[in-house]
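A.B. asks: sequence and predicted model, in that order:
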Amino acid sequence: MPGRFPRELTIRQLRALAAVHRDRSVTAAAKHLHLTQPAVTLQIRNLQELAGLPLIQRTNDGMLLTDAGREVLSLSERIEAAIADCETSLEMMAGKTAGRISIGAVSTAKYFVPFMISGFSKRHPNIDVTLSIGNRQEIGTALRGYDLDFAIMGRPPVDIDMDVHPIGDHPHVIIAPTSHRLVRKSRIPLSDLADETFLTREPGSGTRGLMEQLFETARIRPKIGMAMSSNETIKQAVIAGLGIAFISAHTVATELDERRLVTLDVVGLPIVRQWFALSRRDKILLPPARAMLEFLSARGAQFLPRTHGRIRITRTSTRGKRR
């Protein structure tokens, strides 16, 4: 029996046993199951062989289960209940009323993604959403491993064939402490920041890559102070006067409102890219995940932090190109 029972046990055998228990007769059980009597007898015989114990005994009151038979019947009932639960879940998934979604988001998006999930959950309260936060490299790795239904980030991985769903604008600015020498200056050339100490995200971060592209295009080598893996740490370091930072405007909305930070009026800023919801083209998405993608495409922009009036624009911003 060891090894054979779980390996060779079938639903047909369990249902034959349950029918015999219910009807106390192989003949009646066969009729109920729409099988021949020999077919039911064979299923019971094979099940008893796997169990290694007699499961049924003949009595004057009909076919009754032995103690071993009742144990196997209990297993049958649990399996039938699990099948029924699974069938209900599949039906609910097909109707987009329940299910699970696994999404990832780059750390810069953590300031608004919970509000997106909340908005979606109000419409679909029985759909469970799991959120993973990481930097661009970490979320890209999760997408490559099929761990996520989709991800929210600013630039699609170049090595994966993706379906791209735009969400909204993503402006990037340079922040400084309120006492910075350039706070009141307008139209600051980027070259004037060459001697400033920049606090940056870690290598692999999308924000770090965009900053490097900005300075490389201007042929300026910025003075890098500290590299940090957290936007929160960068903001606190800037407030403390340790340097300035190129950062997503969506991460500093509260600090700008509270006048704990300011944006510098640098020529060419803000740089506006896009937020996207990205899914692998070769990954099968169940209806709940498709429903959330549709929700984000249609309504995602309303959950992005408002930047109007918080940052100064020295040129007409253009939507960033995917690269």
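C.D. replies: Structure received. Note that the structure is predicted; figures quoted are calculated from it, not measured.

A.B. asks: show me what contacts Ser230?
C.D. replies: Ser230 sits next to Ser107 when contact means C-beta atoms under 8 Å, 6 or more residues apart in numbering. Where C-beta positions appear, they are placed from N, C-alpha and C, glycine not excepted.

A.B. asks: tell me how far it lies from Thr251.
C.D. replies: Separation of Ser230 from Thr251 (C-beta to C-beta, to the nearest Å): 10 Å.

A.B. asks: what's the answer for Met162, then?
C.D. replies: Separation of Met162 from Thr251 (C-beta to C-beta) stands at 24 Å.

A.B. asks: for Leu73, same thing?
C.D. replies: Distance of Leu73 to Thr251, given as C-beta to C-beta: 59 Å.

A.B. asks: ok, Ala298 next?
C.D. replies: Distance from Ala298 to Thr251, by C-beta to C-beta: 25 Å.

A.B. asks: one more: Ile83?
C.D. replies: Applying C-beta to C-beta, the value for Ile83 to Thr251 is 47 Å.

A.B. asks: who's more crowded, the two?
C.D. replies: Thr251 (24 against 11; other C-beta atoms under 10 Å).

A.B. asks: excluding sequence neighbours, find me the nearest residue to the more buried one.
C.D. replies: Asn231 (4.5 Å; C-beta to C-beta, 6 or more residues apart in numbering).

A.B. asks: wait, that neighbour touches Ala249, no?
C.D. replies: No - counting by C-beta atoms under 8 Å, Asn231 stays clear of Ala249, with 11.4 Å between them.

A.B. asks: what comes up buried for stretch 137-151?
C.D. replies: Neighbour counts over stretch 137-151 (16 or more other C-beta atoms under 10 Å) mark Ile139, Gly140, Ala142, Leu143, Leu148, Asp149, Phe150, Ala151 as buried.

A.B. asks: so what touches it?
C.D. replies: Stretch 137-151 is contacted from outside by 101-106, 132, 134, 153, 157, 159-160, 162, 165, 204, 277-280, 283, 285, 289, 292-293, using C-beta under 8 Å, 6+ apart.

A.B. asks: over to stretch 68-79?
C.D. replies: With contact meaning C-beta under 8 Å, 6+ apart, stretch 68-79 is reached by 11, 14-15, 17-18, 21, 47, 51, 53-56, 65.

A.B. asks: how about a markdown table for those residues, with secondary structure added?
C.D. replies: Output for these, formatted as a markdown table (DSSP: H, G, I helix; E, B strand; the rest coil):
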| residue | secondary structure |
| --- | --- |
| Ile11 | helix |
| Leu14 | helix |
| Arg15 | helix |
| Leu17 | helix |
| Ala18 | helix |
| His21 | helix |
| Leu47 | helix |
| Ala51 | helix |
| Leu53 | coil |
| Pro54 | coil |
| Leu55 | coil |
| Ile56 | strand |
| Leu65 | strand |
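
A.B. asks: in the stretch 1-150 of the chain, where is pLDDT below threshold?
C.D. replies: In the predicted model of the stretch 1-150 of the chain, residues 1-2 satisfy pLDDT under 70.

A.B. asks: and this protein, what are its domain boundaries?
C.D. replies: Following the TED database, the chain resolves into domains at 4-78, 81-168+274-303, 170-271.

A.B. asks: so what's the gap between the shortest one and the chain middle?
C.D. replies: In other words, domain 4-78. Mean C-alpha position of domain 4-78 versus that of the full chain (C-alpha atoms, centre = their mean, to the nearest Å) differs by 44 Å.

A.B. asks: all helices of the protein, in order?
C.D. replies: 4-8, 11-23, 26-33, 37-51, 67-94, 113-123, 136-144, 206-217, 231-239, 253-257, 287-299 (DSSP state H).
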